[in-house]
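> Below are the sequence and a predicted model for it; my questions follow.
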Amino acid sequence: MKRLVLLVSLLVLSRFSAQTWATEDQYIQKFAKYAVEEMEKYKIPASITLAQGLLETGGGQSRLALEGKNHFGIKCKEDWTGKTMKHTDDAPNECFRVYEDPRQSYEDHSIFLSTRKYYANLFNLDMKDYRAWAYGLKKAGYATNPRYASILISKIEKYRLYEFDNTNSNEVLYAVLKMYPNLKDDRSFMAQLEPEKYTKKAKDPVTIKVPYQQTSYAQQQKRVEKIKNRAETLNSILIKSHPNEGLKYIVIPEDTNVKFIAEKFKISESRLMKWNELESDMLKKNDIVFLEAKNSAGNTATYKAASGEDMHDIAQKFGIKLSKLYAKNRMDEGQQPSAGQLIYLIDKKPRH
């Protein structure tokens, strides 16, 4: 009987262990891109952020992560005005922050490390030296567990998280695919890659060759404040109604990318690219972006092209499809107007 109980116990433990490791792999696949994005903005190694997330959430399975999307156990504090939840940690029913999206939790973690003086010395370390960062976090009092640094290092080396310190946000998904080739059968993951690259081999992580520069606490504070101000500006974008039959559009207040706009307004990147006839996913300040398909004609008969203005600029200004604008003016695609040229927006240019 004892042998039977022991055998069952071993099977249960074995199954639990297998589920745990599978869960941690899935966590890496899902959140590596957030860690790399934060590394680019706040100069915190992606390997460290990802290892901390793995540890804090138990591979994404903790109550704080599942119910509060809080991946780093950040408590309310006096400056938090968002949603909260009660959770027993160091003491019963402590107040923890609740986020709308895990991405917010990742950024809050970066801001937490970047704006507190007792973590200032971390930013004097080499961003590629995950061991120094792990021991630096422990020394600064991030966690009470005396083995905290070695636990982080163990996770980083077990899952080769250091590879994410040598990539960037444009290449991170290919780095994940290289680590987990079976993801090629996962449609939801592959849908995040460019369609024409579905069948290509996963790229090697791209090494960032910019030499590391030490950062003072004051410099880090300025960088964080600039990032926060930019984020607040982008998050305050309002949808406007265009004179051309009320088409929904926005004006980009700060340089950003199509991905940010797509996620903010819950529209696919491919649709935004198609509706706005974009050749690049980068958006510049004051760019007009439509959140629905443009019309086949403008809301006024003609327009005189300004100096330096191209046909795409005019199409966006008047909410008209670029191909239709070319057709109405009997111009070849790619041909651009001269300053003062009369552009037809409703009826086709008459033949002479």
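That came in fine, so what should we check first?
> Contacts for stretch 117-135, please.
39, 43-45, 47-48, 51, 113-114, 136-137, 140-142, 148-150, 152-153, 156, 161-162, 165-166, 212, 214-217, 220 (C-beta atoms under 8 Å, 6 or more residues apart in numbering). Any C-beta I mention is one placed from the backbone N, CA and C, and that applies to glycine too.
> Filter those down to the ones in helices?
Within these, residues falling in helices by DSSP state H are 39, 47-48, 51, 113-114, 136-137, 148-150, 152-153, 156, 217, 220.
> Flag the least confident of those residues.
pLDDT is lowest at Y217 among those; the value there is 59.
> In stretch 98-113, which residues are buried?
Of the residues in stretch 98-113, those buried under the neighbour-count criterion (16 or more other C-beta atoms under 10 Å) are 98-99, 102-111, 113.
> Domain parsing of the protein, as residue ranges.
22-61+102-197, 237-290, 302-344 (automatic domain parsing).
> Out of these, which is the most enclosed?
Highest mean neighbour count among those (mean count of other C-beta atoms under 10 Å): domain 22-61+102-197, with a mean of 18.
> Give me the distance between that domain and the centre of its chain.
13 Å (C-alpha atoms, centre = their mean, to the nearest Å).
> tell me which helix or strand of the protein sits lowest on mean pLDDT?
helix 217-235 (a mean of 63; mean pLDDT, DSSP states H and E).
> I'd like the next helix or strand past that one.
Remark: after helix 217-235, the chain's next helix or strand is strand 240-241, criterion DSSP states H and E.
> Packing partners of that next one?
strand 248-251 (3 or more C-beta pairs under 8 Å, 6 or more residues apart in numbering; DSSP states H and E).
> Now Y162. Nearest residue, chain neighbours left out?
Among residues not flanking Y162 along the chain, S47 sits closest, at 4.9 Å (C-beta to C-beta, 6 or more residues apart in numbering).
> what separates that neighbour from N166, distance-wise?
Separation of S47 from N166 (C-beta to C-beta, to the nearest Å): 10 Å.
> all strands for the stretch 51-200 of the chain, in order.
Under the criterion DSSP state E, counting those that start in this stretch, the stretch 51-200 of the chain carries strands at the ranges 84-87, 94-97.
> er, the stretch 251-352 of the chain actually
256-257, 282-283, 288-290, 302-304, 342-344.
> Poorly predicted segments of the stretch 101-250 of the chain, please.
194-235 (pLDDT under 70).
> Mind pulling up the pLDDT for L7?
The predicted local confidence for L7 is 41.
> can you pull the pLDDT of F31?
Per-residue pLDDT puts F31 at 94.
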